[in-house]
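>>> Here is my input; please provide its structure:
(chains A, B, C, D, E and F, ligands or ions: 6)
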Amino acid sequence: MVDTILNLAAQNLLSPIILFFALGLAAALVRSDLSVPEAAAKTLSIYLLFAIGFKGGVSVSDHGVDATLVFSLIAGLILSFLLPFVAFGLLRVMTRLDALDAAAVAGHYGSISIVTFVAATSVLQSQGIASEGYLVAVAAVMEAPAILSALWLAARFSTQAANEGRAQDSKGLLREILFNGSIVLLVGSFVIGFLSGPQGLSDIESFIVAPFKGVLCLFLLDMGLVAGRGLRSSAHYLRPGLILFGIVMPIIGSFAGLIAASMIGLSTGGTVLLMTLSASASYIAVPAAMRVALPEANPSIYLTMSLGITFPFNLTIGIPLYLSLAQVI
Amino acid sequence: MVDTILNLAAQNLLSPIILFFALGLAAALVRSDLSVPEAAAKTLSIYLLFAIGFKGGVSVSDHGVDATLVFSLIAGLILSFLLPFVAFGLLRVMTRLDALDAAAVAGHYGSISIVTFVAATSVLQSQGIASEGYLVAVAAVMEAPAILSALWLAARFSTQAANEGRAQDSKGLLREILFNGSIVLLVGSFVIGFLSGPQGLSDIESFIVAPFKGVLCLFLLDMGLVAGRGLRSSAHYLRPGLILFGIVMPIIGSFAGLIAASMIGLSTGGTVLLMTLSASASYIAVPAAMRVALPEANPSIYLTMSLGITFPFNLTIGIPLYLSLAQVI
Amino acid sequence: MVDTILNLAAQNLLSPIILFFALGLAAALVRSDLSVPEAAAKTLSIYLLFAIGFKGGVSVSDHGVDATLVFSLIAGLILSFLLPFVAFGLLRVMTRLDALDAAAVAGHYGSISIVTFVAATSVLQSQGIASEGYLVAVAAVMEAPAILSALWLAARFSTQAANEGRAQDSKGLLREILFNGSIVLLVGSFVIGFLSGPQGLSDIESFIVAPFKGVLCLFLLDMGLVAGRGLRSSAHYLRPGLILFGIVMPIIGSFAGLIAASMIGLSTGGTVLLMTLSASASYIAVPAAMRVALPEANPSIYLTMSLGITFPFNLTIGIPLYLSLAQVI
Amino acid sequence: MEMKDAKRVEITIEAPMETRLTDALDGAGVTGYTILPVMGGSGRSGRWSREGQVSRAGGMIQIICIIRPDRLDALLEAAFSVVERHIGVVTVTDCSVLRAERF
Amino acid sequence: MEMKDAKRVEITIEAPMETRLTDALDGAGVTGYTILPVMGGSGRSGRWSREGQVSRAGGMIQIICIIRPDRLDALLEAAFSVVERHIGVVTVTDCSVLRAERF
Amino acid sequence: MEMKDAKRVEITIEAPMETRLTDALDGAGVTGYTILPVMGGSGRSGRWSREGQVSRAGGMIQIICIIRPDRLDALLEAAFSVVERHIGVVTVTDCSVLRAERF
Ligand SMILES: Nc1ncnc2c1ncn2[C@@H]1O[C@H](COP(=O)(O)O)[C@@H](O)[C@H]1O
Ligand SMILES: Nc1ncnc2c1ncn2[C@@H]1O[C@H](COP(=O)(O)O)[C@@H](O)[C@H]1O
Ligand SMILES: Nc1ncnc2c1ncn2[C@@H]1O[C@H](COP(=O)(O)O)[C@@H](O)[C@H]1O
Ligand code: NA
Ligand code: NA
Ligand code: NA
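Ligands and ions are numbered 1, 2, ... in the order given. The predicted structure is shown next:
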């Protein structure tokens, strides 16, 4: 099996997607002034959410609503709620982060990274493995709950976080989290794809299907640049314990996803995706929420962990690993 | 006939285009932070003008210059000049707007909304109904004259607008209106499409034809967001009289377009498009001109009317209605 | 032969690419407010570099590494180093520019314009003429050396440039030039294309091949706008001598490219491209470097020369001319 | 031109706090302000740049309020309640305004 | 460093008025200014944000002029003639400038 | 609110010089600054606008430093060494800051 993993990983490493991520990383590390304008990066991510949501919805409308759909959503909710507790425990053991920083980092690992999900989808596609379309909806469901767990952990274990500012700042936070742009766009596109069906897809196919991989390359170039700049400026936070955590935690998460998937009875493709979701760490929704709710937590730590360690790990080794595991089981 | 309208409308309501508009509207109403970067929105509208102008020009170069082309342009000019007078009269009767605000709103209804035009084109396409390519040029011609009518109305009926600042501010306004970005791009792309012909189209087809509908979805998502934010902040201006006007006026406009189209002898498709142009209200060129020339008029009123009432009305009910009317006659 | 050139030029002049450049130019000259957002323009150029680099790399991986590849790279290096000296001499003879401005302008003519290169590629394509894929790498190699020649010229001939500020400002300049965004992206995409091969290309073909010409049209619209605005505000710098230089120098450059190409033994297509590279003048990398290293040189002069004279000359007359020359020889 | 004395308050704050700050200002009766985009910066928490952000999390904005001197304290208190636990800078400058009746 | 006293005038005005204002400034002999983008704001005519505009109609910009104190009145008069009928804010602050010979 | 006196330095400079300027500031121990984007402007070298640039060459940025009055000279010297041969404007304004312990 190690063989297949390495094979897959090697193949994966030479895909343009990964190579453009590496290019961005390298450009940032040699201090090139290459950069993707902020507006373009935001538009690329709108495109990704739009395309992936819509395609997910169409696939559900096409294959019909599965009995496992509801179970998957519930599983996603539970995973997102619980994984931060695992992460928090690990962090307290493996690293010297204080409770506040640990809670903030833990929140990221319960939530998800949609680009990691997309990358997994495209690996599945290139291997000709089908998956359940509604996992897009599961991805949406998993974005937010982890934030609540992180806040609870902070309030429970950090004396620093327990000051009066909290109540006021948290007012409206729940609403913001639930209606944050990526969730609304992802769920909305999913519903629209569901309503429009294959007919609707054929209308906009040459916008959201054909150029998808190319757009993804550009997006990963930008992710590489961002991750590289983050690593350059925050590498000193990356003690060995933290780095190890950034690799061990996604593997643990993927196992949790694997167990859930086999209890639900997902297909091999679906299993890989749920594993990937559980293994991935947020770098959009959660950091923004943390800045509002736990401003004393150090953003350099959680962003570097998520973007600089776990994201590349998943992209290069994680996904092939999860695929091999799912195929074995 | 009511049946066909409802049928068409129902079908129309489930097209991805409308659904993405609705998504944007909903996101704005629940105060989601979803937003399309300003630069992206502007680029999307450059793309739309570029694509629609070019395709119009190619279609004219393909089918040859029709005898009715010149008549259509003249009809467009006249409609754009006259409709503001109708609108102004109606507004004074139906609402309590003062002369200045009424003149400003009236100007919007003489001019056109290119996205409404595009939406009508795509409905025609999905019904397999052909139309004259030069209506794109008519659209360009109809953008500006209404502004002059609005200024004349304001000068004639509003004491407030008759102050000394006028002359100075208007200097250069005419030039600005004539050479405003959308007109130049639309007409320029039309001419280029005409010169390049079908050969030129085949060169850039996979940029301006295939992905067009998908891009339109993104654009309408943004329009929905903007309309929704406008409605949220300016709903209090929307007295019943104004809302009614926002629905009645496009219908009246469409009748004027219908009469003009049958006098000229346009095809069914062309008739629908001229009706749609007459029925639609501007939200780009006219508001900018009004801010310069009639700054005392309240922008919240005209923008909310145009984007919040008439645009969605045309998109959902108007276009199917005009199509049914054109087919009956 | 003059016949073929004129024929080609006439055909070329009616291609959408040129027409959109003309539209931009015209819009700027009538002071239209048409403009492409800065973020969009930057993203378009990222797209062009990404697409052209990748396709170049794929073509090299497909056809194998030619014996002439290394020679071409060396030729590019030498051309970029030497052409500024030719340009400097000419400028001192033909114009009244002082040594500092002349050195700055000369630097631009040793370096290259990637859009001119792209336009030449697309003319070749429409004529069904093949070319060596690695000329993309030659383009990258030619970007920077000319800057060093310009700095040397300035230090040698300009008393004004020889002040103490120099050393400090130049510190880090070399690194900046070598790792500037366009070079990194172009070379990086080339390498990735090489590693991914035809298989990788087929993955992202519908993003970087099919829509390429359409995107190029938009890009040239923006270039036309920029060139037009530059011409409008800086026309007074354009004495006859300078204008003449802006036309003569690219022709001289193209001859240098022609000689190098025939010594190396490039194909007709490759010869045209090397001629075009030698003939084109930079308007991105070199101006930025000049602002840092030779701030006393007047940017209006070099930008207007490069964008307002030489770029349009190459686009309209130059490329057909070089093609005819290459075919004759 | 008749000018009136006023205070110019500039608050540089993290982008995710924008609505909270403007809501607090509204609550304190401060309904006039202008928001500028910020491209980058540096402070005790290091250097950052807008073109290196996937999320708004790391970005900042700058809010400018022109206000009558006697209302300054109310504004500062409202602003402070939001800025307190966050990174950010608050400065006050004396200025004069045209059309003072609008403030 | 030798510094000279100067006035810093900041004019926040609707985007469609940009050319008119800069033309008026040019007319009054004010040829030095810097234009900043504005993201959003709030005033008597309500709250607005750049990411909620299809057109420039609702957007604003900020023009900053550094000027010698004795030229202030000419500038303000020119600015006022344009700003007069429009929404917008004009403030003046005392400052000192480096390289005063350039103003 | 307890406020402390400070100096507000605003440097408008060409975009390609950004890193050089911030490096010089860092070198002089000035580690707090905010960078604003600039849309356009006009000066002795003419008028320019960001939406008419293919390259960064013609663009500018604005760097704002809030600094303790006694550190002003060090800052100005560092800034001047970079700005000297370049186009650009440097102004200094008196202001007061909240949370002065952070500067
Ligand atoms: N002295 C200063 N002058 C101007 N801006 C500052 C200063 N200190 C901090 N800032 C801004 O506030 C942000 C956060 O500062 P800090 O909390 O010190 O990391 C920085 O990234 C800057 O944008
Ligand atoms: N007191 C103020 N301080 C700063 N900016 C203001 C103030 N009042 C108005 N503005 C700006 O000017 C715009 C128009 O103001 P108004 O005419 O009051 O609606 C607002 O959207 C703000 O951007
Ligand atoms: N008096 C001034 N007030 C504000 N900004 C200025 C002034 N003079 C120059 N600038 C800015 O500095 C840039 C270069 O100025 P200059 O070197 O005079 O061409 C201009 O484009 C403006 O953005
Ligand atoms: Na996760
Ligand atoms: Na109309
Ligand atoms: Na050259």
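
>>> residues from chain A in reach of ligand 3?
Taking CB under 6 Å from any ligand atom as the test, the list of chain A residues beside ligand 3 is empty. Where you see a C-beta, it was placed from the backbone N, CA and C, and this is true even at glycine.

>>> so where do the helices sit in chain D?
D:18-27, D:72-83 (DSSP state H).

>>> Run the contact check for the shortest one versus ligand 1.
No - judged by CB under 6 Å from any ligand atom, helix D:18-27 and ligand 1 are separated, with a smallest distance of 14.0 Å.

>>> Does that helix reach chain F?
No - against chain F, helix D:18-27 shows no contacts by CB under 8 Å from any CB of the partner chain, the least distance being 13.4 Å.

>>> Can you give me the neighbour number for the residue in chain D positioned nearest to ligand 2?
With CB to the nearest ligand atom as the measure, the residue in chain D that lies nearest ligand 2 is residue D:32; the distance is 2.5 Å. Neighbour count of residue D:32, defined by other CB atoms under 10 Å in any protein chain shown: 16.

>>> Buried residues, the lowest-mean-pLDDT helix or strand in chain D. List them.
In chain D, the helix or strand scored least confidently by mean pLDDT, DSSP states H and E is strand D:46-49, which has a mean of 82. Using 16 or more other CB atoms under 10 Å in any protein chain shown as the test for burial, strand D:46-49 gives D:47-49.

>>> same check, this time on stretch A:239-259
Per 16+ other CB under 10 Å, stretch A:239-259 contains these buried residues: A:242-243, A:245-246, A:249-254, A:256-259.

>>> For that stretch, give the mean pLDDT please.
Computed over stretch A:239-259, the mean pLDDT rounds to 97.

>>> Of the helices of chain D, which is nearest chain C?
Taking CB to the nearest CB, helix D:18-27 is the member of those nearest to chain C, at 20.5 Å.

>>> Briefly note if the closest one comes near chain E.
Yes - where contact is defined by CB under 8 Å from any CB, part of helix D:18-27 touches chain E, namely D:22, D:26.

>>> the strands in chain D, which residues?
If you assign secondary structure with DSSP state E, the strands in chain D sit at D:3-14, D:33-37, D:40-43, D:46-49, D:60-67, D:88-98.

>>> Would you mind listing what in chain A touches ligand 2?
Within chain A, no position lies close to ligand 2 (CB under 6 Å from any ligand atom).

>>> Name the residue closest to the centre of chain A, please.
Nearest to the centroid of the C-alpha atoms of chain A, with distances taken as CA atoms, centre = their mean, sits residue A:113, at 1.4 Å.

>>> circling back: the strands of chain D: lowest mean pLDDT?
Here the strands of chain D differ in mean pLDDT, and the lowest is strand D:46-49 at a mean of 82.

>>> And that one, what does it pack against?
With contacts defined as 3 or more CB pairs under 8 Å, 6 or more residues apart in numbering or on different chains; DSSP states H and E, the secondary structure elements packing on strand D:46-49 are helix A:212-234, strand D:40-43.

>>> strands paired with that strand, and their directions?
Partner strands for strand D:46-49, per DSSP bridges, with pairing direction: strand D:40-43 (antiparallel).

>>> Tell me which residue of the stretch 51-200 of chain A lies closest to ligand 2.
Nearest residue of the stretch 51-200 of chain A to ligand 2 (CB to the nearest ligand atom) works out as residue A:172 at 22.8 Å.

>>> Name the residues that touch the helix or strand residue A:319 falls within?
For residue A:319, the element it lies in under DSSP states H and E is helix A:319-328. If you take CB atoms under 8 Å, 6 or more residues apart in numbering or on different chains as the criterion, helix A:319-328 is touched by A:1, A:4-5, A:8-9, A:11-12, A:116, A:119-120, A:123-124, A:127, A:129, A:251, A:254, A:257-258, A:261, A:268, A:271-272, A:275-276, A:279.

>>> and the closest residue to residue A:317 other than its chain neighbours, how many neighbours?
Of all residues not flanking residue A:317 in the chain, residue A:9 sits nearest, at 5.6 Å (CB to CB, 6 or more residues apart in numbering or on different chains). When neighbours are counted by other CB under 10 Å, residue A:9 registers 18.

>>> Which of the helices or strands spans residue A:9?
In this assignment (DSSP H and E), residue A:9 forms part of helix A:2-13.

>>> List of residues touching the following helix or strand past that helix?
Tracing the chain past helix A:2-13, the next element assigned as helix or strand by DSSP H and E is helix A:16-29. Contacts with helix A:16-29, where a contact means CB under 8 Å, 6+ apart, come from A:12-13, A:34, A:119, A:122, A:213, A:216-218, A:220-229, A:231-232, A:312, A:315-316, C:54, C:179, C:181, C:184-185, C:188-189, C:192, C:195-196, C:200, C:203-204.

>>> Now do the helix or strand just after helix A:16-29 and helix B:38-63, the angle between them.
Proceeding N to C from helix A:16-29, the next assigned helix or strand is helix A:38-63, under DSSP H and E. Orientation note: helix A:38-63 sits at an angle of 70 degrees relative to helix B:38-63 (axes from the mean of the first three to the mean of the last three CA atoms, to 10 degrees).

>>> Is helix A:38-63 positioned near chain D?
Yes - looking at helix A:38-63 against chain D by CB under 8 Å from any CB, the contacts come from A:38, A:41, A:45.

>>> what does stretch A:182-201 give?
No - in terms of CB under 8 Å from any CB, no part of stretch A:182-201 sits within range of chain D; the closest distance is 9.5 Å.

>>> Show me how to select, in ChimeraX, the buried members of the contacts of helix A:16-29.
The buried residues among the contacts of helix A:16-29 can be selected in ChimeraX (16+ other CB under 10 Å) with this line:
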select /A:12,34,119,122,213,216,217,218,220,221,222,223,224,225,226,227,228,229,231,312,315,316 /C:54,179,181,184,185,188,189,192,195,196,200,203,204
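
>>> For residue B:295, see how far away residue A:109 is.
Using CB to CB, to the nearest Å, residue A:109 is found at 53 Å from residue B:295.

>>> Show me which of those two is the more surrounded one.
Neighbours of residue A:109 and residue B:295, each counted by other CB under 10 Å, are more numerous for residue A:109; the result is 33 against 21.

>>> does residue A:75 belong to a helix or a strand, and which?
When elements are defined using DSSP H and E, residue A:75 is found to belong to helix A:68-94.

>>> now the buried residues of stretch A:239-259 in JSON lines, with distance to residue E:18 and secondary structure?
Shown next, in JSON lines, are the buried residues of stretch A:239-259 (distance: CB to CB, whole Å; DSSP: H, G, I helix; E, B strand; the rest coil):
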{"residue": "A:242", "distance to residue E:18": "50", "secondary structure": "helix"}
{"residue": "A:243", "distance to residue E:18": "51", "secondary structure": "helix"}
{"residue": "A:245", "distance to residue E:18": "52", "secondary structure": "helix"}
{"residue": "A:246", "distance to residue E:18": "49", "secondary structure": "helix"}
{"residue": "A:249", "distance to residue E:18": "52", "secondary structure": "helix"}
{"residue": "A:250", "distance to residue E:18": "51", "secondary structure": "helix"}
{"residue": "A:251", "distance to residue E:18": "56", "secondary structure": "helix"}
{"residue": "A:252", "distance to residue E:18": "56", "secondary structure": "helix"}
{"residue": "A:253", "distance to residue E:18": "52", "secondary structure": "helix"}
{"residue": "A:254", "distance to residue E:18": "54", "secondary structure": "helix"}
{"residue": "A:256", "distance to residue E:18": "56", "secondary structure": "helix"}
{"residue": "A:257", "distance to residue E:18": "54", "secondary structure": "helix"}
{"residue": "A:258", "distance to residue E:18": "59", "secondary structure": "helix"}
{"residue": "A:259", "distance to residue E:18": "61", "secondary structure": "helix"}
